[in-house]
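**Student:** Got a predicted structure here, sequence first:
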Amino acid sequence: MEQNQLFFSLLRQAIGLERGFTQCPTPDEWARLFRQAQMQALAGVLYQAVTNLSPEQKPPTQILLKWTALAESINGLNLLMNAESARLTTLFESQGHHTAILKGQANARLYPDPLSRQPGDIDIYVDGGKQNVTDMLLRIGMLQSEPKLSDIGKRDKATTSYHHIHLPANKDGISVEVHFRPSSGSRNPFTNRHLQRYLEQEIRATHMVPEGFRVPTVKFALIMQLSHIQRHFLACGIALRQICDYLMLIQNSSADDRAAITALLRKCGLRKTAGALMWLMQQVFGLDENLMLCKPDARRGAWMLSEVMDGGSFGRYRKNAQTGLWKRFFYARMRQMRFMRFDFRELIWIELKYWKAILITIPERIRRRTWSFSEPQKKEMKKAL
C-alpha cells in the first residue's frame, strides 16, 4: 500500500492536483513505479511529472530512457489517432450520418497534456442504426462483406457485436470501432433499457472541437463511461486510466450535469459502481465532496481499488491471468461468484449471458476442433458476443 501511495502522489503531480513532489524513490521503487504505470496504462501521463523532478529525484538512466521512448511513442500515436478521428468524421458525415468520437480521443482533450493519454481504439458513433451503418461501410469500401461469426479471430476481417462493428487495423495499426449504438450498456436488460434510451437522446447534442471531430456532452460521457467502467470492472477489470478519464469528466462538468446523472444512477443500475468509484477517487485524487455523484461506498470502493491495482488494464496482470485454460476458467468463475456481493443483479445477468455465449459458439469451436480460441480470437469473440 505504501508503494501505491507513492504512485498516487506521482499521478496527482502529473495531472496538476499536487505540487512539490518531495520523495526520492530508490532504483527498486522506480522500477516498480514504471511497471505500475504500464499496468495502469498511465505511462505517458506520469511522464509529465517525471520530467519536472530534480536530477536527484529522477529515475535511473535505463528506466528514464525506456520511459521517455514510451512517452514519445504515445505522443506520436495520439497525433495519428486525432488525425484519423478527424478523417473518419469528415468521411462519415459526407455520407449523411451524424457522428461523435467516444471515450479515448474525446477524453484525451481534457488532460493537462492531451497527447499524454495512452490511446486504445478509436470509438466513433455513427447514427442510423446497425443496418444503415453496415450498408454505408460496405458502400465506401471499409467493409468487404457483412461480418460473420466465422470471421472471429481473423485479423483481416471485421466483427460485429450488440453495439458496434470492429474494423481491422489500418496500415498505421489503428483499430476503429464504429458504434451504431452509443454504448455497450449493462447486462441487465431492464436497467439497460433506461440507459440506452437516455444515451440515444443525449448523443444528438454534440459539438465540433479544434482537433477536427465531434464530441458528445459531458452529461452523456459521465453516464456512458460509468456504465463502461462497471461493465469491464465486473467482467475482467479496469485500469486507473479509465478512472483518470472519469476524473477529467467530473472536473469539466457543471453542477446541473452532475445532478442530472445522480438522478439516473438507480434507474440505470449504476448506483453501486458509482458509490465505489466516488470513494476510490476520493482516496486517490482527493475528490471534493461537491463534485461527487453520490455518497461514497467505502466497502465497494476499497474492493474496486484493490482489484484495479492488482489486475491493471482489463485484469491482464492478475496472477492467474496467464495460467492454463481450465485454471483460468475456474478462477474466472470463482471471481464472478465472489463479485455477486458487489452487485448481485448485474452479476446474475453477466453469468447468464456468459453461458449463452458458450452455447452459441459450440458449433464454431467444433468446426475449428478446439475448445480454446487463441488470444486474438478470444478478444474478438468477446466483442462479437
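**Tutor:** Great, that's in hand. Residues are numbered from 1 along each chain as shown.

**Student:** Skip the chain neighbours and tell me the closest residue to Q95.
**Tutor:** If you skip the residues right next to it in sequence, Q95 has M136 as its closest partner in space, 5.2 Å away by Cβ to Cβ, 6 or more residues apart in numbering. Glycine gets a C-beta too; all of them are placed from N, C-alpha and C.

**Student:** is it true that that neighbour lies in a helix?
**Tutor:** Yes - the assignment for M136 (DSSP: H, G, I helix; E, B strand; the rest coil) places it in a helix.

**Student:** Tell me which residues touch it, please.
**Tutor:** Residues counted as contacts of M136 (Cβ atoms under 8 Å, 6 or more residues apart in numbering) are 92, 95, 97, 126, 128.

**Student:** what's around I360, how many residues?
**Tutor:** Using other Cβ atoms under 10 Å as the criterion, I360 is surrounded by 12 other residues.

**Student:** got it, and S145?
**Tutor:** Residues contacting S145 under the criterion other Cβ under 10 Å number 9.

**Student:** show me the contacts for it.
**Tutor:** Contacts of S145 were listed using Cβ under 8 Å, 6+ apart, and they are L138.

**Student:** which SS state does it fall under?
**Tutor:** Assigned state for S145: coil (three-state reduction, three-state DSSP).

**Student:** Against H97, how distant is it?
**Tutor:** Applying Cβ to Cβ, to the nearest Å, the value for S145 to H97 is 20 Å.

**Student:** phi, psi of G286?
**Tutor:** Listed backbone geometry of G286 is phi 70, psi 40, with angles given as degrees, to the nearest 10.

**Student:** For it, which non-adjacent residue is closest in space?
**Tutor:** For G286, the nearest residue in space outside its immediate sequence neighbours is L17; the separation is 6.7 Å by Cβ to Cβ, 6+ apart.

**Student:** burial count for the one you found?
**Tutor:** For L17, the number of neighbouring residues by other Cβ under 10 Å comes to 16.

**Student:** in the helix or strand hosting R35, what's buried?
**Tutor:** Assessed by DSSP states H and E, R35 sits inside helix 27-39. Of the residues in helix 27-39, 29-30, 32-34, 36-39 count as buried by neighbour count, 16 or more other Cβ atoms under 10 Å.

**Student:** now these in TSV, with pLDDT and distance to C268?
**Tutor:** Below are the buried residues of helix 27-39 laid out as TSV (pLDDT from 0 to 100; distance: Cβ to Cβ, whole Å):
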residue	pLDDT	distance to C268
E29	93	41
W30	95	42
R32	94	38
L33	95	36
F34	96	38
Q36	95	32
A37	95	32
Q38	95	33
M39	94	30
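
**Student:** quick one: which of those residues is nearest M334?
**Tutor:** M39 (22.2 Å; Cβ to Cβ).

**Student:** Isn't that closest one up against S313?
**Tutor:** Yes - contact between M39 and S313 holds when scored by Cβ atoms under 8 Å: they sit 6.5 Å apart.

**Student:** Now do the shared contacts for the two.
**Tutor:** A239.

**Student:** Who are the packing partners of the helix holding R35?
**Tutor:** In terms of contact count using 3 or more Cβ pairs under 8 Å, 6 or more residues apart in numbering; DSSP states H and E, helix 27-39 is assigned the packing partners helix 2-14, helix 43-50, helix 61-94.

**Student:** rewinding a little: ok, now how distant is the residue nearest to G286 from P60?
**Tutor:** Counting by Cβ to Cβ, the gap between L17 and P60 amounts to 26 Å.

**Student:** And A276, how close does it get to V178?
**Tutor:** Computed as Cβ to Cβ, the A276 to V178 distance reads 31 Å.

**Student:** wait, doesn't L199 sit right on P182?
**Tutor:** Yes - taking Cβ under 8 Å as the definition, L199 is a contact partner of P182 at 4.0 Å.

**Student:** which of these two has more neighbours?
**Tutor:** Neighbour tally, L199 and P182, criterion other Cβ under 10 Å: the higher count belongs to P182, 26 against 20.

**Student:** In a strand, the more buried one, correct?
**Tutor:** No - P182: not assigned to a strand; according to three-state DSSP it is coil.

**Student:** where does the residue nearest to G286 fall, phi/psi-wise?
**Tutor:** In terms of degrees, to the nearest 10, the main-chain angles of L17 are phi -90, psi -20.

**Student:** again, but for R117
**Tutor:** With angles defined as degrees, to the nearest 10, R117 shows backbone torsions of phi -70, psi 130.

**Student:** That one against N75, yeah?
**Tutor:** No - R117 is beyond contact range of N75, at 10.0 Å (criterion: Cβ under 8 Å).

**Student:** The two: which is more packed in?
**Tutor:** For R117 and N75, the more surrounded residue by other Cβ under 10 Å is R117, and the numbers stand at 25 against 15.

**Student:** So, low pLDDT: which residues of the stretch 151-300 of the chain?
**Tutor:** Low-confidence segments of the stretch 151-300 of the chain (pLDDT under 70): 151-157.

**Student:** Can you report how many residues neighbour the closest residue to G315 other than its chain neighbours?
**Tutor:** In this structure, G315 finds its nearest non-sequential neighbour in G237, 2.9 Å apart by Cβ to Cβ, 6+ apart. Using other Cβ under 10 Å, G237 has 21 other residues around it.
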